[in-house]
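Novice: Got a predicted model here, sequence first, then my questions.
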Amino acid sequence: MSADEFAPLRSRLARVMDDQGGWPEDSPWVRDAVEAVPRHHFATDRVWTWDGSRYAPVDRETDPGRWAELVYPASPLEATITQITQGLPSSSLSCQSVVVDMLDSLMAEPGHRVLELGTGMGWNAALLTARVGSGRVTSVEVDSLLADAARERLAAMRAGARVVVGDGAAGRPERAPYDRLIATYAVDEVPWGWVEQTRPGGRIVTPWGRLGHVALTVAPDGGSATGWVQGLAQFMPARGTDQGRTLSEVRGDTMPDIGGSFARQDLLPLHADVSLLFALRVLLPDVRITTKADKAAVTAWLHDGRSSWATLVTQEDGRVVAYQGGPRRLADETDQAWQRWQNAGTPSLWDFGMTRTPYEQYIWSGNQESGPRWSPVSQPARIA
């Protein structure tokens, strides 16, 4: 397909962003950059799609139409998978809505020095360069092959970003301090080195865990960084992170150890309430929750990636039955965490914040100084 042939797909994606209010009013430069730096210039000639049982390749040469649809999907919430490693996605062109949201959260200004961690295809680095200027973006990529390919794509687009091979967790101290730092992969704990390499008053934006991204501002004395959850983001973890076992591996062929009624008889919030899901992510950090809604009936599957699992099933009479297996009782833990969220006044996703010091990282809600600190249900609740 020629460049002009991508125009209808690009326009469709932009219109959906318009309809969903996805373009940030406070950062009009982001839309300008997305329009000036087309996404397809940073896509691999082979992308991947889930066919129901595995990730199947789609090649630009043999199926250009399908390839283009995957690069410019109908929904801005869909990513384009560009690399598969051991059967799982290991690199992608991130979904456009989250890229836009995170760039808005970064508050980058012309002339800023920016450190990006996780170059991937190079698209995000090109968008940043369009804002801050040539030679102002340093991007770190752990995969040398991806780094080489990103350099070529950036050079072809005349985007003057510097790509280096290295471990993103270490940052790039020799070029510090930076005005802005952004990560394109999820971390459970923000490395303290990122704070040290960002100037006082500078901003750090990173996906956190499996749900949500945060924007932290470095304190005037450089001794901490704090800020709010900015929205939803689901990014791949750092390369080499142990993602644990899948639900099918955890459960195997075993029958549940216990079955019985679940304390809550409405599972819809577990499927649709992002604030509840974020609170459960904080309170049960190792528990993965998957849900499916069929009309009014919701089914939920839970597992800890190691040895425990639970299934919550809505019966025809409206009752919810819990089946559990393994040493932990994940349905009971979920109920306890759900109750803790309710007791705290059901704070929304945007009521949560994070503080990082040299010694700890903690999540709070409402107010950094007086709001409650949130710790896993296996630990006692702390009040700041």
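Specialist: Yes, it's here. Numbers count the residues shown, from 1 in each chain.

Novice: After the strand or helix carrying A33, heading C-terminal, what element do we hit next?
Specialist: If you go by DSSP states H and E, A33 is part of helix 28-36. If you walk from helix 28-36 toward the C-terminus, the next helix or strand you reach (DSSP H and E) is strand 46-50.

Novice: mind checking how far that next one is from the chain centre?
Specialist: Centre-to-centre, strand 46-50 and its host chain are 19 Å apart (C-alpha atoms, centre = their mean, to the nearest Å).

Novice: what's that strand packed up against?
Specialist: Contacts defined by 3 or more C-beta pairs under 8 Å, 6 or more residues apart in numbering; DSSP states H and E place strand 46-50 against strand 55-59, helix 64-71, strand 80-85. C-beta: built from backbone N, CA, C; applies to glycine.

Novice: Touching the longest one from outside, list them.
Specialist: Outside of helix 64-71, the residues within contact range by C-beta atoms under 8 Å, 6 or more residues apart in numbering are 1, 5-6, 9, 39-40, 43, 45, 47, 49, 58-60, 80, 93.

Novice: for this structure, what are the low-confidence residue spans?
Specialist: Scanning the chain for pLDDT under 70 picks out 1-3, 210, 233-244, 247-250, 252-253, 378-384.

Novice: how far away is S275 from Q265?
Specialist: Between S275 and Q265 the distance is 20 Å, computed by C-beta to C-beta, to the nearest Å.

Novice: Show me the two of the contacts of helix 64-71 that sit farthest apart.
Specialist: Of all pairs drawn from those, the widest gap by C-beta to C-beta lies between E5 and T49 and measures 20.0 Å.

Novice: Run a quick neighbour tally on the closest residue in space to R31 that isn't next to it in sequence.
Specialist: Spatial nearest neighbour of R31, chain neighbours left out: W23 (4.9 Å); criterion: C-beta to C-beta, 6 or more residues apart in numbering. For W23, the neighbour count with other C-beta atoms under 10 Å is 16.

Novice: Report whether W23 is found in a strand, as I expect.
Specialist: No. Using DSSP: H, G, I helix; E, B strand; the rest coil, the secondary structure at W23 is coil, not a strand.

Novice: residue contacts, it?
Specialist: Per C-beta under 8 Å, 6+ apart, neighbours of W23: 17, 30-31, 100.

Novice: Repeat the analysis, applying 7 Å as the threshold.
Specialist: Contacts for W23 (C-beta atoms under 7 Å, 6 or more residues apart in numbering) come out as 17, 31, 100.

Novice: Tell me which of the helices and strands packed on strand 46-50 lies nearest to S139.
Specialist: Each of those has some distance to S139 by C-beta to C-beta; the shortest is strand 80-85, at 16.0 Å.

Novice: residues making contact with the closest one?
Specialist: 43-44, 47-48, 55, 70-71, 89-93, 121.

Novice: Just the buried ones out of those, please.
Specialist: Neighbour counting with 16 or more other C-beta atoms under 10 Å marks 43-44, 47-48, 70-71, 90-93, 121 as buried within those.

Novice: Could you save these as a markdown table and add columns showing distance to R158?
Specialist: Below are the buried ones among the contacts of strand 80-85 laid out as a markdown table (distance: C-beta to C-beta, whole Å):
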| residue | distance to R158 |
| --- | --- |
| A43 | 18 |
| T44 | 20 |
| V47 | 24 |
| W48 | 29 |
| L70 | 26 |
| V71 | 21 |
| S90 | 28 |
| S91 | 23 |
| S92 | 24 |
| L93 | 20 |
| M121 | 16 |
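
Novice: And those, which is closest to G353?
Specialist: Distances from G353 to the buried ones among the contacts of strand 80-85, taken by C-beta to C-beta, are shortest for S92, at 27.9 Å.

Novice: quick one: the strands in the stretch 151-300 of the chain?
Specialist: 161-165, 178-183, 198-207, 213-218, 225-231, 258-261, 288-294, 297-303 (DSSP state E, counting those that start in this stretch).

Novice: Show me the protein divided up by domain.
Specialist: For the chain, automatic domain parsing gives the domain ranges 3-231, 247-343.

Novice: looking at those, which is closest to E360?
Specialist: The nearest among these, by C-beta to C-beta, is domain 3-231 at 9.3 Å.

Novice: how much distance is there from the closest one to the middle of the chain?
Specialist: 11 Å.

Novice: residues touching the nearest residue to Y55 once chain neighbours are set aside, list them.
Specialist: In space, Y55 comes closest to W48 once its chain neighbours are excluded; the distance is 4.5 Å by C-beta to C-beta, 6+ apart. For W48, the contacting residues are 55-58, 81, 84, by C-beta under 7 Å, 6+ apart.

Novice: Most neighbours of all these, which one?
Specialist: Ranked by neighbour count (other C-beta under 10 Å), these have I81 at the top, with 23 neighbours.

Novice: what about dumping the CA coordinates of the helix or strand where S139 lies to CSV?
Specialist: Assessed by DSSP H and E, S139 sits inside strand 137-141. These are the backbone C-alpha positions of strand 137-141, laid out as CSV (Å, rounded to 0.1, in the frame of the first residue of the first chain):
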residue,chain,number,x,y,z
VAL,A,137,15.8,12.7,23.3
THR,A,138,17.9,9.8,24.6
SER,A,139,16.2,6.4,24.3
VAL,A,140,17.4,3.2,25.9
GLU,A,141,16.5,-0.3,24.5
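
Novice: returning to that earlier point: how about CSV for the contacts of W23, with distance to L145 added?
Specialist: CSV is the format used below for those (distance: C-beta to C-beta, whole Å):
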residue, distance to L145
M17, 31
R31, 31
V100, 27
